[in-house]
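> With the sequence up front, the predicted model follows.
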Amino acid sequence: MKTIIKGHTVSHEKDVAAGVRYLIYELAADEAKVFFDEAYNQGSAIFEDHMGYKYKLVHHGSEYQLVKHI
């Protein structure tokens with residue numbers, strides 16, 4: 001599935017729904033921008049939500065992908 005998060009198209013599976021909600025509702029736009037900028041510039045960005053779950057935001061062309069980070 002795909003979701004628009006802070007103006008960016010992000011593909012993801014259901015198993016990272018908590019990470020999607022975190023980016024949309026828990027972070028201000030300027031806070032989320034840090035992760036999107038890092039993923040754009042470095043290829044990926046790893047972050048942790050308020051519950052301690054880790055996610056990886058990966059940049060693919062004009063879109064991003066959110067996956068669990070192990």
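Good, I have the coordinates.
> and stretch 38-58, how far out from the chain's middle?
Offset of stretch 38-58 from its chain centre (CA atoms, centre = their mean, to the nearest Å): 6 Å.
> what pLDDT, on average, does that stretch get?
Throughout stretch 38-58, pLDDT has a mean value of 97.
> For the protein, which segments are assigned as helices?
Remark: helices assigned in the chain by DSSP state H are 17-21, 29-42.
> With mean neighbour count and distance to Asp49 added, can I get those in TSV?
(Glycine included, C-beta is placed from N, CA and C.) Converted to TSV, the helices of the chain look like this (neighbours: other CB atoms under 10 Å; distance: least, CB to CB, whole Å):
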stretch	mean neighbour count	distance to Asp49
helix 17-21	16	6
helix 29-42	14	11
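> Can you say which of the ones you listed is nearest to Leu66?
Set against Leu66 and scored by CB to CB, those come closest in helix 17-21, at 5.6 Å.
> Turn the helices of the chain into a markdown table, including distance to Ser11.
Converted to a markdown table, those look like this (distance: least, CB to CB, whole Å):
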| stretch | distance to Ser11 |
| --- | --- |
| helix 17-21 | 11 |
| helix 29-42 | 13 |
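> Minimum distance to Val67: which of those has it?
Across these, Val67 has its closest neighbour in helix 17-21 (8.7 Å, CB to CB).
> Tell me which other helices or strands that closest one touches.
Applying 3 or more CB pairs under 8 Å, 6 or more residues apart in numbering; DSSP states H and E, we find helix 17-21 packed against strand 8-12, strand 63-68.
> of the helices of the chain, which approaches Thr3 most closely?
helix 17-21 (5.7 Å).
> Which one of the helices of the chain lies nearest to Ile70?
Closest among the helices of the chain, using CB to CB: helix 17-21, at 13.3 Å.
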